[in-house]
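Asker: Turn this into a structure:
(2 chains)
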Amino acid sequence: MNSIYSQLLHLAMPQVIVVATALLVMAVDLLFLKQSATRTRFAVAATLASLGCLAAIARIVTTCGSASIFNGMLIANPLTHLVQVALLVLTIFTLLLSVNSTFTEHVGEFVLLLLVATAGMMFLVGTQDLLVIFISLELLSLSAYILAAFNKRSLQSWEAALKYFLFGGMSAAFLLFGFSLLYGLSNSTGFAHIASVPALNPLLVIAIVTTAIGLGFKVAAAPFHFWAPDVYQGAPAPSAAFIASGSKVASFFIFFQLMALRFAGAEGSAALPHFVRGWVPVVALMAVASMLLGNLVALRQTGLRRLLAYSAIAHAGYMLLAIVGHTQQSLAALLYYVITYALGTIGAFAVISVVEDQRGSDQLSNFDGLGKQAPALSFGLAIFILSLAGIPPLAGFFAKFFLFVTLLQSSAPAGIVWLVVLAIAMSAVSLYYYLRVLKRVYVAPVPAGAAEIKSPLLSQAIVLILAGSVILFGAAPHLLLRWIEAAITASGS
Amino acid sequence: MLAWTIYISFLGAAAMFLLPKGSTAVARILALLTAAAGFAIALSAFVHHRTGEMLTVTDATWIPSLGIRYHLAADGISLSLILLTGIIAITGILFSWNIEDRTKEFFAFYLLLIGAVYGVFLSYDLFLLFVFYEIVIIPKYFLIAIWGSTRREYGAMKLAIYSFVGSAMVLVGLIAAYVVAGSHTMSLGGLAGYPFSPHFQMLAFPLVFVGFAILAGLWPFHTWAPTGHVAAPTAASMLLAGVVMKLGAYGCLRVAMTLFPLGLAPWSHHILGLGSWRDVFALLAVVGIIYGALVALVQKDFKFVIGYSSVSHMGFILLGLMTLNQIGLSGAVVQMFSHGILAGLLFAVVGRMVYARTHTRELSALGPMGLNHTIPFAAVTFVIAGMASMGLPGFSGFVAELMIVIGAWHAFPALALCVGFGILIGVVYVWRAMQKAFFSESRSAALPPGHPLPPITIPEKLGAIILIATSVLIGIYPQVLLNIIVPALNGPLFSGIRTGSWQ
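Answerer: Next comes the predicted model:
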């Protein structure tokens, strides 16, 4: 018994490191820095927390091989390691992004919540058990609700968090209901007991739909997206960046695993003209709804944050197509897509936070002439936006290309090609609103009487590093793809 | 070595950002040197490569898990177009010598565009080709939206969206071809060698062909072209009409027709008298020729005349492609070259020599200025360019259009007659524009005597002379191009078109 617990501790070591760091940061902040300036406190807290994340990364990188205890309650293999490292890297960027923030005096608590949410995400990807999935999702979500509400001076932030919380609570109920049905059907919470699920009885259908609703909420897929625009709009920039990046990566990964593994045998098919009942058509419909709604509504947005929110819904639609594909290749495509997407999104929020600080809001008109006033930030923003639009040679283009190829390879191309056609057509629509942003930045003149924009060095550095990585992973996709494919092969999932 | 045309242009674009603030003159000279270097490389490759068959320039692994390679290669067709790109790049810079606003950025976008165009013409791997093809869109947008004139933001956005929709169609076709072939390669030769089923080709061919043809100004998807050309600054119009539209035509020939030759085969039945996609596109091409010419005939804006004439001339290229015989196809390639040169020249006269001085493009307003007296060089250049554009013997346009009409005569006799009508209107609209703009009788004192028009500058003269000389050279001795185009068309890549089972 003792050895099992030591193994548990061994497996959960990276998460333990993150949580311990969280407590340490909180203690340091409250005990020693209470009187210091907010900026100093943020700098110290973010540095400490980043070091903790780096330690966790080091720990993950140095342990290799696969392990699984309690029937998959906690697992470790190259794939989960890869995703966890990606999550930690994204968290580090989010932490660095928060250094210049002024929205709160509760620095320790903010960083603590960020790290606890990260630990939740790490547990989430490192399990194949329904209960642990639910608990870690709640850990992630509850932290995210508070993070969204952290700007106590802003009514918008409150409203966003309340919406997020109400919708989140409801979707969690759906998810739990689905899980309970699954448990009833198979008498197990693990992923391993697939075969005992009889093919498509009504209860299983309900379980599929409710699970898809619960996770669809997490990834902001239509029609469960209502929280996204408000949270992107109202939450403080680092929180919004976190919710839009790291949380997406973890949720998509577990969405894929849950559907592909737990519901194996009940796939069905979304190939036209004959839908076959199963979870694939459910996900395909969500994908279609997200692509249509996200892209069309984004056309009319006047604020960059809301525009990004709707574009996020559209991108969730594209990414859901990888789940529709549900092959190993699609998983590689999904991970490549969501990781590069997350890098770009954090970068975009870094630019937004600077502009908001100095020009008051994220309205598109506030980006007029940014190209002249802040060349580095504008260059970064252009790269992120063009990558979202899927212009080569940026990461967003290869991500889409690879995803569509794997989707068509996953089944008979003739039936499934309609999804690819729709996705590509919608991405042509999306170019319009992305170019509108860039038009503001580069074409519009600097508004009369606008003050100089001071771009903090740290923000510039983050933006340029992220832009560099988006270009690099786009021009040489193999750099990232090689790891992902090796990890998937090694984990054999 | 040829690959350096791409790198040198991109490096030149990057170098623009390193220049200190306000170094306008340096930026110009740097851009000119970069373009000249690219041209020199292209010319030396053109001169040394006398056989025309496909030669690999660079080949390296790029994305092994998808079998995508960084593979650049050139044959006679691509070399001709690369040479064209080099010429237009140099003259475009000569004609933008007057850009004072954000000069560095202008030339950075300009060189980025040029580099991507070289890249498209050189790519042998289709993924690579597509990457370069899409890179073109962004600098194009900014060149028009920032430095353009009439309704520039509308024109730029329209152009970007049309291009992107076209490339989206191409992307669908390419992904489908890649997956269906399942051979883990994106190389043009590899995919062209795969026997796609006739049913698949029937669907994929029109998709990819139209996707590229949107950029080549195929009627009725041409509407971006006049607005885009008119809105663009002179150098960008020259590039757009001269080179970028050729990208579309090149893609039609190089990708759509080589990958899916069976898509051109007859259908099992006739619809409205049309028996195949070949008939459909040939008809659309001829409609484009006549429609473009007719609309050019009634324009009030000088630049719109040229814009619509481009649509008309691009129709010749698409018609030449659809003839599927050697004379028609090689005529189409020569026309790509010829129209590139002539459209560049015409836009240079209208945009730089006339509009930048008079600040109006209304034909009725230009007439009273007596431009043949005030800027005679512009008048002479336009007369020469107009004659070349009408297809007078001795100029490149004559050779190209003659070859295409002969090819069309073999393939579609009825359509060839309509083309003759189109050529006739071509004479009329050039004549009308020339007469109204430069040789109008009703001279009044519309121009205040205190503001004489600035004389034509040396760079402009140089650019015009380069373009005219090229056109005359090709007109007198077309073998320069044909010697390498014809062997390329006889290469293995086009065997599907030559030996189509339907013929």
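
Asker: Now residue 183: which helix or strand?
Answerer: Chain wasn't specified; assuming chain A. Using DSSP states H and E, residue A:183 sits within helix A:155-186.

Asker: List the residues that contact residue A:462.
Answerer: A:93, A:96-97, A:346-347, A:350 (CB atoms under 8 Å, 6 or more residues apart in numbering or on different chains). Yep, even glycine has a C-beta here, placed from its N, CA and C like the rest.

Asker: on that earlier part again, for the helix holding residue A:183, which helices and strands make contact with it?
Answerer: Applying 3 or more CB pairs under 8 Å, 6 or more residues apart in numbering or on different chains; DSSP states H and E, we find helix A:155-186 packed against helix A:130-148, helix A:202-218, helix A:227-234.

Asker: Can you list which of the contacts of residue A:462 are found in helices?
Answerer: A:93, A:96-97, A:346-347, A:350 (DSSP state H).

Asker: All the strands of the chain, residue numbers only.
Answerer: I went with chain A, as the question did not name one. Counting by DSSP state E, chain A has strands at residues A:67-69, A:74-76.

Asker: try chain B instead
Answerer: Under DSSP E, chain B gives strands at B:55-63, B:68-74, B:266-271, B:274-276.

Asker: Would you tell me which one of those is buried the most?
Answerer: Compared across these, strand B:68-74 shows the largest average neighbour count, a mean of 23 (mean count of other CB atoms under 10 Å in any protein chain shown).

Asker: From the contact counts, what lies against it?
Answerer: strand B:55-63, helix B:103-122, helix B:126-135.

Asker: which one of these lies closest to residue B:394?
Answerer: Proximity to residue B:394 (CB to CB) singles out helix B:103-122 among the helices and strands packed on strand B:68-74, at 27.8 Å.

Asker: got the buried residues for that closest one?
Answerer: B:103-122 (16 or more other CB atoms under 10 Å in any protein chain shown).

Asker: now for it, which elements pack on it?
Answerer: By 3+ CB pairs under 8 Å, 6+ apart, helix B:103-122 packs against helix B:4-18, helix B:24-48, strand B:68-74, helix B:76-95, helix B:126-135, helix B:137-147, helix B:234-239, helix B:245-251.

Asker: ok, back up a step: export the contacts of residue A:462 to CSV and tack on neighbour count?
Answerer: Formatted as CSV, the contacts of residue A:462 follow (neighbours: other CB atoms under 10 Å in any protein chain shown):
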residue, neighbour count
A:93, 25
A:96, 22
A:97, 24
A:346, 28
A:347, 30
A:350, 29
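
Asker: Which one of the residues you listed is nearest to residue B:207?
Answerer: For the contacts of residue A:462, the nearest to residue B:207 is residue A:347 (34.7 Å; CB to CB).

Asker: any weak-confidence spans in the chain?
Answerer: This is for chain A. Residue ranges of chain A with pLDDT under 70: A:1-2, A:192-200, A:272-273, A:412-413, A:493.

Asker: Chain B is the one I meant
Answerer: Residues of chain B that meet the cut-off, pLDDT under 70, sit at B:441-451, B:500-503.

Asker: Who are the contact partners of residue A:306?
Answerer: Per CB under 8 Å, 6+ apart, neighbours of residue A:306: A:229, A:232-233.

Asker: Most neighbours out of those, which is it?
Answerer: residue A:232 (31 neighbours; other CB atoms under 10 Å in any protein chain shown).

Asker: Tell me how many other residues crowd residue 202.
Answerer: Using chain A here. Neighbours around residue A:202, by other CB under 10 Å: 8.

Asker: let's do chain B instead
Answerer: 18.

Asker: So for it, what's the nearest residue that isn't a sequence neighbour?
Answerer: In space, and not counting its chain neighbours, residue B:202 is closest to residue B:263: 5.6 Å by CB to CB, 6 or more residues apart in numbering or on different chains.

Asker: quick one, what contacts the residue in the stretch 401-503 of chain B positioned nearest to chain A?
Answerer: Going by CB to the nearest CB, chain A is nearest to residue B:496 of the stretch 401-503 of chain B, at 21.7 Å. Taking CB under 8 Å, 6+ apart, we find residue B:496 in contact with B:192, B:257-258, B:261-262.

Asker: Count the neighbours of residue B:75 for me.
Answerer: So residue B:75, with other CB under 10 Å, has 23 neighbours.

Asker: What sits closest to residue A:61 if chain neighbours are left out?
Answerer: residue A:85 (7.0 Å).

Asker: Quick check, the one you found in contact with residue A:59.
Answerer: No. Between residue A:85 and residue A:59 there is no contact, the gap being 10.3 Å when judged by CB atoms under 8 Å.

Asker: higher neighbour count, those two?
Answerer: residue A:85 (20 against 16).

Asker: Could you count how many residues lie near residue B:51?
Answerer: Neighbour number of residue B:51 under other CB under 10 Å is 13.

Asker: Not counting sequence-adjacent ones, nearest residue to it?
Answerer: Here the residue nearest residue B:51, using CB to CB, 6+ apart, is residue B:487, at 5.9 Å.

Asker: gap between the one you found and residue B:344?
Answerer: Using CB to CB, to the nearest Å, residue B:487 is found at 27 Å from residue B:344.

Asker: what do you get for residue B:350?
Answerer: Counting by CB to CB, the gap from residue B:350 to residue B:344 is 11 Å.
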